[in-house]
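**Q** Give me a model of this one.
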Amino acid sequence: LSGAHQQLEWAPEIEATVADGLALELELPMEGGKVMEYKLGVQGTIGSFANGKGAHGVQYLGIYNREKGRWENALLYMGGYRFSEKVSTVAMVGIGDVGFDRTDDVKLIVNQAVFYDLSERGRLGVEVNYKSGPKGEFLVMPQVHHAIGKKLSLQAGVGGIHQTDQKWRPQAALRLIAVM
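**A** Predicted structure coming up:
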């Protein structure tokens, strides 16, 4: 609500595992009640390392940007590692905003999150996201994750975002996850 448009941004998403190590997702990023993009994703696990303490994989996103009227693509390498019983990290790095018709909008994407497990049901974390380009952005968001039940969890965060053409401003996020 603190951006230039003062619109609530939200993105319903459904993700399904279709085979061991392979998942598909559909996400509908919205501003207010208007769908801004159609995101179709494929995630694949490459494997584990360090005696199972780490895992890595790839994610591809095909994104139809309704405002620009074109398909864009993102390809990310993902890695996660558990340093101890309480401390873990997840990172993604790749390229985004790659259009079929041109490549001058290609952006570097780097996301890093570190978590501390408070208990079996709760964890604290901080997420840092970077996207390059003329309208690049940098996000820092401390967050809390809490398991509400065996199949329901809540993630909430409040931080700040800086975009190239704007000053730092507050950013909040809320995610409800239901496992079917």
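
**Q** hey, let's count contacts and neighbours off CA atoms from now on
**A** Noted.

**Q** Not counting its neighbours along the chain, what's nearest R70?
**A** Spatial nearest neighbour of R70, chain neighbours left out: Y64 (5.8 Å); criterion: CA to CA, 6 or more residues apart in numbering.

**Q** So that neighbour is in contact with Y38, correct?
**A** Yes - contact criterion CA atoms under 8 Å: Y64 and Y38 qualify, at 5.1 Å.

**Q** now the residue of the chain positioned farthest from its centre: how far from F83?
**A** The C-alpha centroid of the chain is most remote from N51, which lies 26.4 Å away (CA atoms, centre = their mean). N51 is 12 Å from F83, where distance means CA to CA, to the nearest Å.

**Q** Show me the shaky parts of the protein.
**A** Along the chain, segments meeting pLDDT under 70 span 1-6, 100-104.

**Q** Do you have the strands of it handy? List them.
**A** In the chain, the strands defined using DSSP state E lie at 9-10, 13-19, 22-27, 30-31, 34-35, 37-49, 54-65, 70-82, 87-99, 107-117, 122-131, 137-147, 152-163, 169-178.

**Q** got the ones you listed as CSV, with mean neighbour count columns?
**A** Output for those, formatted as CSV (neighbours: other CA atoms under 10 Å):
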stretch, mean neighbour count
strand 9-10, 18
strand 13-19, 12
strand 22-27, 17
strand 30-31, 17
strand 34-35, 14
strand 37-49, 17
strand 54-65, 19
strand 70-82, 19
strand 87-99, 19
strand 107-117, 18
strand 122-131, 18
strand 137-147, 19
strand 152-163, 17
strand 169-178, 14
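
**Q** Show me the common contact partners of N51 and F83, please.
**A** Between them, N51 and F83 share no contacting residue under CA atoms under 8 Å, 6 or more residues apart in numbering.

**Q** how near is the most centrally placed residue in the chain to E31?
**A** In the chain, the residue lying closest to the centroid (CA atoms, centre = their mean) is N111, at 7.8 Å. Distance of N111 to E31, computed by CA to CA: 23 Å.
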